[in-house]
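# show me how the following folds:
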Amino acid sequence: MEKIKILVIEDNPQDAALIRSQLLSRGYHVCGIASDLPHAYDMFDSLKPDLSIVDILLNGNKDGITFAQNIFNRPTGQHPLIFLTGFSDKATFESARITAPFSYLLKPFNELELHYAVELALEKVARKEETYFATSEAASIFINDVFFVKKGNILAKILVTDIKYIEVDGKYCKLAYGNDKFVIQKSMKQLHDQLPAGLFIRIHRNFIANLNSIQKINLQDHEIILEDGKSLSFSRRYIDDLMQLFNVLK
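Numbering: from 1, shown residues only. Okay, here's the model as predicted:
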């Protein structure tokens, strides 16, 4: 699983180092630290963070709000953003609120407060798309082409393209990713409708397969062999759709 990428925009070196240390201790990946507005834009565009943590006051100006306004007005959609500030006055808060941040932290804050703010920010943006929560100890949030999967106190990032297959598990589904499986509280049809059509295909009422994971198709035994040796059953109902996606040499 990939770690969640977080961009930190903070002009105070000591604060930036502390934030980085606190995020790393919680299993997040700090992809960059920007101390001014130009570098913030450059890093945001090049690093494509999953979330940004932004100090409102940068080098004496409220450039953090300027950054948020720019990102908010982009056509690519809303970006999870957490504001940091040492100012508790209402005017600063109101200026920040119009950019619709996903959380707002007053300095000084502790590691747990920062961790909770990150989780809340991800959950808020997920609810705007459509959120998938897993059962038991694991929980997940689906945003665009990424699942944010929670196990214990860690949120990790799963790329949809790296999911090997999906299988029915009662009312819900299991995602097979690496050596792990994660239970998602959605039906197979609901999940299938969210996946890239050119990459995932229904092969059975109980299975969806990633085309890139398919190694062999056994037409006689009605099974598909994946690259890791895993065997999945397929039904005649879906075989024609499957075969049309491959160039079959006879």
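
# leaving out sequence neighbours, find the closest residue to Phe93.
Tyr104 (7.2 Å; CB to CB, 6 or more residues apart in numbering). C-beta here means a position set from N, CA and C on the backbone, and glycine is covered the same way.

# moving along the chain from the host helix or strand of the one you found, name the first helix or strand you hit.
Element membership for Tyr104, per DSSP states H and E: strand 103-106. Counting by DSSP H and E, the next helix or strand C-terminal to strand 103-106 is helix 111-129.

# how does the protein divide into domains?
The chain breaks down into these domains under automatic domain parsing: 2-129, 138-244.

# can you list these in JSON lines and add mean pLDDT and mean neighbour count?
Output for the domains of the chain, formatted as JSON lines (pLDDT from 0 to 100; neighbours: other CB atoms under 10 Å):
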{"stretch": "domain 2-129", "mean pLDDT": "86", "mean neighbour count": "17"}
{"stretch": "domain 138-244", "mean pLDDT": "79", "mean neighbour count": "16"}
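
# quick one: the helices in the chain?
13-25, 37-47, 63-72, 90-97, 111-129, 188-194, 236-244 (DSSP state H).

# residues making contact with the second one?
Contacts of helix 37-47 with the rest of the structure, by CB atoms under 8 Å, 6 or more residues apart in numbering, involve 5, 7, 9, 31-32, 34, 49, 52, 54, 58, 63, 66-67, 70-71.

# that one vs helix 63-72, what angle?
40 degrees (axes from the mean of the first three to the mean of the last three CA atoms, to 10 degrees).

# the last one too?
With the same axes, to 10 degrees as the criterion, the two stretches helix 236-244 and helix 63-72 enclose an angle of 100 degrees.

# for helix 236-244, packing partners?
Applying 3 or more CB pairs under 8 Å, 6 or more residues apart in numbering; DSSP states H and E, one finds that helix 236-244 makes contact with strand 200-204.

# which strands and helices sit next to the strand it packs on?
So strand 200-204, by 3+ CB pairs under 8 Å, 6+ apart, packs with helix 188-194, strand 207-210, strand 231-233, helix 236-244.

# 10 Å - rerun?
Packing contacts for strand 200-204, counted by 3 or more CB pairs under 10 Å, 6 or more residues apart in numbering; DSSP states H and E, involve strand 165-169, helix 188-194, strand 207-210, strand 214-218, strand 223-226, strand 231-233, helix 236-244.

# export the ones you listed to CSV and tack on distance to Pro13?
Shown next, in CSV, are those (distance: least, CB to CB, whole Å):
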stretch, distance to Pro13
strand 165-169, 45
helix 188-194, 42
strand 207-210, 44
strand 214-218, 50
strand 223-226, 48
strand 231-233, 52
helix 236-244, 56
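
# rewinding a little: any figure for the gap between the residue nearest to Phe93 and Ile33?
Distance of Tyr104 to Ile33, computed by CB to CB, to the nearest Å: 20 Å.

# one step back: who's in contact with the strand holding Tyr104?
19, 51, 53, 55-56, 80-88, 92-93, 96-97, 113-114, 116-122, 124 (CB atoms under 10 Å, 6 or more residues apart in numbering).

# quick one: strands adjacent to it?
strand 81-85 (parallel) (DSSP bridges).

# just the angle for the strand it pairs with relative to helix 111-129, thanks.
140 degrees.

# what's the angle from strand 81-85 to helix 13-25?
Using the same axes, to 10 degrees: strand 81-85 against helix 13-25 is 140 degrees.

# tell me the contacts of Pro49?
Contacts of Pro49 by CB under 10 Å, 6+ apart are 4-8, 29-32, 43, 79-81.

# my bad, Glu167
Counted by CB under 10 Å, 6+ apart, Glu167 has contacts 173-176, 181, 188, 204, 206-209, 232.
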